[in-house]
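*Asks:* following is a predicted model, sequence given first.
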Amino acid sequence: MTETDGQLAEMLESYPETVKKNRKKHLVIKNEAAESCPQIEANTRTIPGIISQRGCAYAGCKGVVVGPIKDMLTITHGPVGCGYYSWGTRRNKARADKTTPKDQVYSQLCFTTDMQEPDIVFGGEKKLAKMIDEVVALYHPRAINICATCPVGLIGDDIGAVAKAAMERHNIQVLAYNCEGYKGVSQSAGHHIANNTIMEKIVGTGTERKPGKHVINLLGEYNIGGDGWELERVLTEIGYTVNCVLTGDSSYLNIKTLHLADLNLVQCHRSINYIAEMMETRYGTPWLKVNFIGIEAMNQSLRQLAQCFGDPELEAKTEVVIQRETARVTAALDQYRKVCAGKTAFAFVGGSRSHHYQYLLRDLGMEVMVAGYEFAHRDDYEGRQVIPMIKTDADSKNIPELHLSPDPEKYREAHEHLSITKEQYEELKKEVPLSYYEGMYPNMKGGEVMIDDCNHHEIEELVARYKPDLIFSGVRDKYVAHKLGVASKQLHSYDYSGPYAGYNGALNFARDVTNALMTPAWNLIIPPWEKNGNEGSENHA
Amino acid sequence: MSHNTAKQVNENQCQQCMPLGGVIAFKGIENAMVLVHGSQGCSTYMRLVNVEHYNEPVDIASSSLNEKQTIYGGEANLKKAIDNVLRVYQPGVLGVVTTCLAETMGEDLDRIVADYRKERGETGIDIIPVPTPSYSGSQTEGFWAATRAIIARYARATEKHDRINVIVPHISPADIREIRRLLDLMGCAYTLIPDYSLTLDRPAGGKYQKIPLGGTRTEDIARMPGAPLTIQFGETCPDELSPGRWLEQQFNVPLVNLPLPTGVEATDRFLLALQEFTGRPLPEALALERGWLLDGMADAHKYNAEGRAAIYGEPELVYAVVRLCAENGIAPAVIASGTRTSRLAACLEPVIANLDERPELLEETDFATIEAASLRAAVNLAIGHSGGKFFTERHGIPVVRMGFPIHDRIGGQRILIVGYAGSLSFLDRLTNSLLEAKYATYRERIRHQMGITGGI
């Protein structure tokens, strides 16, 4: 389907003029003839009153990045609500292991200072300090996170000072994150704040490298529904030692030694690219953007990964695993493809997922017609080459940038990390896009639409215009789709399913998508006595 | 009453935030939209929890305050937000609830809204601000505060009429529908508020409109002061938040505060009040339902008498369920609420006074405390919302889901606990949960006690 500016403009008609002008800049229609991606506006302020799907800095910091670290006890400093809403909603799976026993896994617990009016008036520092003492006495955690909510910044609670004092009292790390919900323009600000603190305070403090020839970190993988575990299964079999999956099922101990790995893989670009970049600066660790969603994508990422180490044995084993796993799942996927082929979808999810899932859907013969992110920046759409051109606005300037320099003792050149020669590394860079992300745009087809911060109203309009068979989004849009008679699949927490990554994940996903598409209810909406003409109304009863 | 009142840490919260309750109340008003004045994360989180519970689209706008507004004030954002909501949704009523952020900033909502009216002229919509900072209360207080503010906004001295006022607490759409059915069967004319029985439980018909049909009509709310009677299912609601008390104080509408009609005795009280008011006897259909409930209670008592329940959630629901348990021989061993401001303890006193064993009552509590109390009391049943799933899973305690939010099961909006028929279906769920646990464990336990191995 091809689309023109004019047609999409109709969607914006019900907005006031200024809103229309603003939203138009967040829309790009792929034009195959054009050489590069037209500029898309992203990471700018949400328009008040427009029902955006975006969350806040606290959600990005506590909910996404630091919450899943399993052996760190995370305290939400603020009134009740924020803590409850971020309790277990993202389904980051965690397990006990040799270094982290069951009683040190806190992911299922939710701690808040539950501030009351006197705390707002007189300050909440004392309450927070006492609470830290309590949880230390109760749980003896290895380290503690304190995440601030909106009022904390306004009343001037110095959570950094409370953390520092607690650290001295208890002799464990206590980290304070000033991720008040009003900071930045979306959860993206919270990702950045979390990345900074993890980088500054935790990474580099460990000394023991995990045994193995090729030790890697998988950054920006949150182990939702066990995604990270499926990837670890494959990576381990090929011969890698996975030091840390950040932050799904990660432990504080593993994060301390991030710098001792040879290579960083980046799955979710938006939420974790800061750490990848900062580690490259400080330790020289190279990073590779990967996509483990979809069979073809998975295979390509595994091949690129193997190439990085110039190890023929590793490359050979990679091929063996790829051949075996692909053969194993192909027959089953073919069955699902019979239902899925030719179907169309929308994807509005994540910091790379709207891009990643396009590969898996194409494996199933489906095409994504409209895709977008809630909280992405221009580079997630257009590619990292635009980063120097991005104009930093006031909201982003308020998020501190760490200006790191190479660590005098721990810095090593990229080729040294990969145990290859400098020449080999130069060759490698020509073949494998190290330290680069091309964004979503190159993968889209002509006429398909990219839309940033798509809101409630626009989803309705787009559904009416494109009549997709399936919408991949969060739970907040899910039932709008259902009311419109379109199947939907929750891609934030997978509707309590998963894993969807890797080979086994592709099978689970294909099954769930097929089930969604086969829902008999869609064919029963019109009662037999209204078959002619009347399309039904909201209230049939 | 919590035996570790000195504890600062709230570990695994039992309550949600105040604006959430305000949002739900506004969803029960016809042609209404709601806007949260604060960071957009607040509305996003509240949409999440509502959408997961009701399995419905739940549109909540936000003024999307950023760092700049924390310094210069949120007035411009709020006005812009109102403009955009009016343009896209064209509501008749716009509720504006505040957040911790807006209240800590000291936003003067009344003035901003008055200014907005002055600047924009007659917009034809009613903007109703309600202060709901989460440090002042939970969703329960938010629900009552918003309901009261809505009534106060429309109520005016009006000639006497015979439509009674019915004010409901935060219950399920199915419960609201059942209360309406009872009122209809009794032949009453009534204004029920807030009525989200249709707006948060929309039938599917292949079409979609931004603001769903249904909700209490504002012209009916305006006439509430002329009603002969207010029935409020809000015995636990403190007077300063009570919408029914407000109508009584301002307009002398007699208030009958009742427990939710859950169980025989509470449903009797509701229907007796209606019989006295209408002068009509109980319709045959309801007499039959009462009989079926009693029959079911008699049959199930021998199983229920082994029940020891932890009951947690919002005060009014907890109160109703404790009454039902007491009526059926299930010991309410642990009674808990995350809410601070309620009359729960006083309401419960007569109910628990005659029990064999004094229950442990926990208010303003968290699940860590409820868990410890439940283990001490050896409960074998939990009744409440999905927040209890973590501690119950850990200890293998069956949970009968009820209340808000239900996010790990489908159909939170359809959970029915009121009326004779609703009480019976709910009681069956309780009894069957006990039976299920018994069937799974009893045989082994008895065999073990009798030293029998290898039997079938």
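*Replies:* Structure's in. What do you need?
*Asks:* tally up the residues packed near residue 387, please.
*Replies:* Went with chain A since none was named. 14 (other CB atoms under 10 Å in any protein chain shown). To be clear about C-beta, it is placed using only N, CA and C from the backbone, and glycine gets the same treatment.
*Asks:* oops, wrong one, chain B.
*Replies:* Neighbours of residue B:387 (other CB under 10 Å): 28.
*Asks:* and it, that one's in a helix?
*Replies:* Yes - checked against DSSP: H, G, I helix; E, B strand; the rest coil, residue B:387 lies within a helix.
*Asks:* correct me, but it touches residue B:13?
*Replies:* Yes - using CB atoms under 8 Å, residue B:387 is in contact with residue B:13, at 6.9 Å.
*Asks:* so what sits against both of those two?
*Replies:* Common neighbours of residue B:387 and residue B:13, counting by CB atoms under 8 Å, 6 or more residues apart in numbering or on different chains, are A:84, A:87, B:367.
*Asks:* quick one: secondary structure of the first one?
*Replies:* Translated: residue A:84. Secondary structure, three-state DSSP: residue A:84 is helix.
*Asks:* for residue A:376, same thing?
*Replies:* Following three-state DSSP, residue A:376 is assigned to coil.
*Asks:* for residue A:131, pull up the helix or strand it's in.
*Replies:* Using DSSP states H and E, residue A:131 maps to helix A:125-139.
*Asks:* what about the residue in the stretch 151-300 of chain A that chain B sits nearest to, distance to residue A:209?
*Replies:* Per CB to the nearest CB, the residue of the stretch 151-300 of chain A with the smallest distance to chain B is residue A:181, at 3.7 Å. Distance of residue A:181 to residue A:209, given as CB to CB, to the nearest Å: 38 Å.
*Asks:* who has more neighbours, those two?
*Replies:* residue A:181 (35 against 14).
*Asks:* in this structure residue A:28 contacts residue A:450, no?
*Replies:* Yes - if you go by CB under 8 Å, residue A:28 and residue A:450 touch, sitting 4.6 Å apart.
*Asks:* got any residues that touch both of these two?
*Replies:* Residues touching both residue A:28 and residue A:450 (CB under 8 Å, 6+ apart) are A:40, A:381, A:441.
*Asks:* and of these, the nearest to chain B?
*Replies:* Nearest to chain B among these: residue A:40, at 19.9 Å, using CB to the nearest CB.
*Asks:* about what we covered before: so the residue of the stretch 151-300 of chain A closest to chain B touches residue B:101, yeah?
*Replies:* Yes - with contact defined as CB under 8 Å, residue A:181 and residue B:101 form a contacting pair (6.8 Å).
*Asks:* what residues are shared contacts of these two?
*Replies:* Joint contacts of residue A:181 and residue B:101 (CB under 8 Å, 6+ apart) are A:150, B:38-39, B:42.
*Asks:* among those residues, which one is most surrounded by other residues?
*Replies:* residue B:42 (36 neighbours).
*Asks:* residues contacting residue A:24?
*Replies:* So residue A:24 contacts A:9, A:12 (CB under 8 Å, 6+ apart).
*Asks:* how close does it sit to residue A:18?
*Replies:* Residue A:24 is 11 Å from residue A:18, by CB to CB.
*Asks:* same question, residue A:28
*Replies:* Taking CB to CB, one finds residue A:28 at 20 Å from residue A:18.
*Asks:* tell me which of those two has more neighbours.
*Replies:* residue A:28 (23 against 12).
*Asks:* so that one sits in a strand?
*Replies:* Yes - per three-state DSSP, residue A:28 lies within a strand segment.
*Asks:* how about the residue of the stretch 151-300 of chain A closest to chain B, what does it touch?
*Replies:* Applying CB under 8 Å, 6+ apart, the residues contacting residue A:181 are A:56-59, A:82, A:149-150, B:38-39, B:41-42, B:101.
*Asks:* apply 10 Å and report the result again.
*Replies:* Shown in contact with residue A:181 (CB atoms under 10 Å, 6 or more residues apart in numbering or on different chains): A:55-61, A:78, A:82, A:148-153, A:187, A:189-190, B:38-42, B:44-45, B:65-66, B:99-101.
*Asks:* of those, which belong to helices?
*Replies:* In this view, the contacts of residue A:181 that belong to helices under DSSP state H are A:57-58, A:82, A:150-153, A:187, A:189-190, B:40-42, B:44-45, B:100-101.
*Asks:* name the residue of the stretch 251-400 of chain A that lies nearest to chain B.
*Replies:* Residue of the stretch 251-400 of chain A nearest chain B, by CB to the nearest CB: residue A:398 (5.3 Å).
*Asks:* neighbours around that residue, how many?
*Replies:* 15.
*Asks:* ditto for residue A:390
*Replies:* Neighbour number of residue A:390 under other CB under 10 Å is 15.
*Asks:* ok, now residue B:438?
*Replies:* 14.
*Asks:* quick one: residues contacting it.
*Replies:* By CB under 10 Å, 6+ apart, the contact list for residue B:438 reads B:303, B:306, B:380, B:445.
*Asks:* what about the closest residue to residue A:167 other than its chain neighbours, which helix or strand?
*Replies:* Counting by CB to CB, 6 or more residues apart in numbering or on different chains, residue A:174 is the residue found nearest to residue A:167 once chain neighbours are left out, at 4.6 Å. Element membership for residue A:174 (DSSP H and E) is strand A:173-177.
*Asks:* the inter-axis angle of that strand versus helix A:125-139?
*Replies:* 140 degrees (axes from the mean of the first three to the mean of the last three CA atoms, to 10 degrees).
*Asks:* run the chain-centre distance for strand A:173-177.
*Replies:* 23 Å (CA atoms, centre = their mean, to the nearest Å).
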